[in-house]
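Colleague: from the sequence below, what's the structure:
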Amino acid sequence: MEKVLASVKIGPSKLEMREFPMPEIDEESALMKMEVAGICGTDVKMFKQPLATGGPVIMGHENIGYIAKAGRKFCERKGVKEGDLVFVEHYVPCFKCEWCHKGEYRHCSATDWRSNPNGRRYGYTTSDNPYHLWGGFAQYTYLPWNAVVHKVPAGVTPELAGIVTPLSNGIEWALFDSQVGYASKVLIQGPGQQGLSQIVACKQAGADLIIVTGTTKDAKRLEIAKVLGADYVIDVQKEDPLARIMDITAGEGVDVSLDCTAGAGTIPVMLGVEALKRKGGTLLIQGEMTDFPNFPIGKITVKYITIKCARGHSYRSCELALQQLASHRFPLELVTTHTFGLNEAEYAIKSVGNEGAKDVIHVSLLPWK
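Modeller: Just a heads-up that it's a prediction; the model follows:
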């Protein structure tokens, strides 16, 4: 029987190379030959944690590859054929619940691997689950009937398509959640792959002013932020960020503050609250927020601030992200700074977490490298 090689998380901060049987493909399913598995900050956190699902996990939730084998009904349902380059979202929804019918399948309980023992999500579901191949750190990935599949446009390489997940998040959070649009003034905190994607989303939407903050170690990232369209960058360790923001905006503040610091604590939230304009701004936060003593609820209500919580992406934002990549308007190839092979998965994850290679933004794992 043909085997599939994968890098498997078997415990906190521990990966192991394993072989799995090639799954049988019926009329309703498909097999994707992996080309690129993107690695983000979520992978860094998950890598260090115990096995939440109780069994080994093939990590990798930003997955690009070619349809290697597919059943007739799968092809009809998804509008794809064998040989197509596709992006597969990490959600595996039920397509029956209220959330799925609203197009918000990211909230579907079938994708909630934390609370639903039968839930499936690429990069999080245990490989003990039937068909085994539920992550991108493998040579092949299994696609059931309810996988969410997008065709990658012509002219977009697998390597460039590898950043479609952070870019779609940027579009979802900035445009759809925070309503960034024509003449908006925006503060983006954190110049990682999410923050850089927000720049592109905001610039494309017509924002007048984009300010990006980072730390001294983010110097290279801040340089790329300016190339992608940031009007100002601020090293918060060298300047008072609030004073600088108010100087740039002539004391008016910004319309939207996007926290892309991956849950760096209360400081970015407080800066966002203070940097927003006098009335009616929007604050978007992401990451796992810890306790927040003395949360400034009074200031938030007086300033009439709307708080949004970032959570994944939608089908529409993924399609728009692919169109953005196909336009080649922005040099988004600069965001992927490093590539590694399957046997280098641990070093790749640590590099994203600033414990390996230097000046890393987005990392692509190439299973066949």
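Colleague: if I look at the spatially most central residue of the chain, how far off is residue 192?
Modeller: The centre of the chain sits closest to residue 166, judged by CA atoms, centre = their mean, with a distance of 3.5 Å. From residue 166 over to residue 192 the distance is 8 Å, taken as CB to CB, to the nearest Å. Quick note: C-beta positions are derived from backbone N, CA and C, even for glycine.
Colleague: equivalent analysis for residue 257, please.
Modeller: Counting by CB to CB, the gap from residue 257 to residue 192 is 16 Å.
Colleague: ok, those two, which is more surrounded?
Modeller: residue 257 (28 against 22; other CB atoms under 10 Å).
Colleague: list the contacts for that one?
Modeller: 186-187, 189, 271-273, 275-276, 281-284 (CB atoms under 8 Å, 6 or more residues apart in numbering).
Colleague: can you check the pLDDT for it?
Modeller: At residue 257, the model reports a pLDDT of 97.
Colleague: now do the host helix or strand of residue 64: which elements does it pack against?
Modeller: Using DSSP states H and E, residue 64 maps to strand 62-70. Contact partners of strand 62-70 among helices and strands, from 3 or more CB pairs under 8 Å, 6 or more residues apart in numbering; DSSP states H and E: strand 30-39, strand 85-88, strand 140-143, helix 158-161, helix 164-171.
Colleague: any chance of those in CSV, with distance to residue 221 too?
Modeller: Shown next, in CSV, are these (distance: least, CB to CB, whole Å):
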stretch, distance to residue 221
strand 30-39, 16
strand 85-88, 24
strand 140-143, 30
helix 158-161, 19
helix 164-171, 13
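Colleague: pipe these into TSV and attach mean pLDDT and distance to residue 352 per row.
Modeller: Putting the helices and strands packed on strand 62-70 into TSV (pLDDT from 0 to 100; distance: least, CB to CB, whole Å) gives the following:
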stretch	mean pLDDT	distance to residue 352
strand 30-39	98	5
strand 85-88	98	20
strand 140-143	98	20
helix 158-161	97	16
helix 164-171	95	12
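Colleague: for residue 56, which of the ones you listed is the nearest?
Modeller: strand 140-143 (15.5 Å; CB to CB).
Colleague: how far out from the middle of the chain is whichever helix or strand comes after that closest one?
Modeller: Sequence-wise, the next helix or strand downstream of strand 140-143 (DSSP H and E) is strand 149-151. For strand 149-151, the separation from the chain centroid amounts to 16 Å (computed by CA atoms, centre = their mean, to the nearest Å).
Colleague: what residues does strand 149-151 touch?
Modeller: With CB under 8 Å, 6+ apart, strand 149-151 has contacts from 78-80, 84-89, 143, 164, 315, 318-319, 322.
Colleague: most neighbours among those residues, please name it.
Modeller: Busiest of the contacts of strand 149-151 [other CB under 10 Å] is residue 143, holding 32 neighbours.
Colleague: wait, it touches residue 75, no?
Modeller: No. Between residue 143 and residue 75 there is no contact under CB atoms under 8 Å: 11.0 Å.
Colleague: pass me the low-pLDDT residue ranges in the stretch 251-369 of the chain, would you?
Modeller: Counting by pLDDT under 70, the stretch 251-369 of the chain contains low-confidence residues at 263-264, 287-290.
Colleague: where exactly do the helices run in it?
Modeller: 266-275, 297-302, 315-327, 345-352 (DSSP state H, counting those that start in this stretch).
Colleague: buried deepest among these, which one?
Modeller: helix 345-352 (a mean of 22; mean count of other CB atoms under 10 Å).
Colleague: run the angle between that helix and strand 30-39 for me.
Modeller: 40 degrees (axes from the mean of the first three to the mean of the last three CA atoms, to 10 degrees).
Colleague: got the CA coordinates for helix 345-352 in PDB?
Modeller: Presented in PDB, the C-alpha positions along helix 345-352 are these (Å, rounded to 0.1, in the frame of the first residue of the first chain):
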ATOM      1  CA  ALA A 345       9.200  21.700  10.300                       C
ATOM      2  CA  GLU A 346      10.200  22.200  13.900                       C
ATOM      3  CA  TYR A 347      12.900  24.800  13.000                       C
ATOM      4  CA  ALA A 348      10.400  26.500  10.700                       C
ATOM      5  CA  ILE A 349       7.900  26.900  13.500                       C
ATOM      6  CA  LYS A 350      10.500  28.200  15.900                       C
ATOM      7  CA  SER A 351      11.700  30.700  13.300                       C
ATOM      8  CA  VAL A 352       8.200  32.200  13.100                       C
END
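Colleague: that concludes my questions; thank you for your assistance.
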